[in-house]
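Peer 1: sequence-free structure coming up:
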């Protein structure tokens, strides 16, 4: 499990780095919503595989199709 403070630091570093090279993604609101989603979806990393055997994975319970779509249509643009 990850602490909210640690996750906030990781999110801030990642989004600020993307913001300086590609897209304006970082804001305090963006940081806060990502922490809150992780708290809800995976209990801050306590469940990195979706309970009940679903396809969601990771802190935010992202499904494979969503991951592939993001990589193809957003990250690689």
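Peer 2: Done, it's in. Please read these numbers as outputs of a predicted model, since none were measured by experiment. Numbers count the residues shown, from 1 in each chain.
Peer 1: And the residue of the chain positioned farthest from its centre, its phi and psi?
Peer 2: Ranked by distance from the centre of the chain (CA atoms, centre = their mean), the top residue is residue 52, with 20.9 Å. For residue 52, the backbone dihedrals (degrees, to the nearest 10) come out as phi 90, psi 0.
Peer 1: what are the ranges of the helices in this structure?
Peer 2: Per DSSP state H, the chain carries helices over the ranges 4-21, 28-42, 64-70.
Peer 1: And the ones you listed: which comes nearest residue 58?
Peer 2: Each of those has some distance to residue 58 by CB to CB; the shortest is helix 28-42, at 7.1 Å. Yep, even glycine has a C-beta here, placed from its N, CA and C like the rest.
Peer 1: hey, which helix or strand in the protein has the poorest pLDDT?
Peer 2: Using mean pLDDT, DSSP states H and E, helix 4-21 stands out as the lowest-scoring helix or strand of the chain, at a mean of 87.
Peer 1: Buried residues, that helix. List them.
Peer 2: Judged by neighbour count using 16 or more other CB atoms under 10 Å, the buried positions of helix 4-21 are 7-8, 11, 15.
Peer 1: now stretch 16-35
Peer 2: Buried-residue list, stretch 16-35, by 16+ other CB under 10 Å: 26, 31, 34-35.
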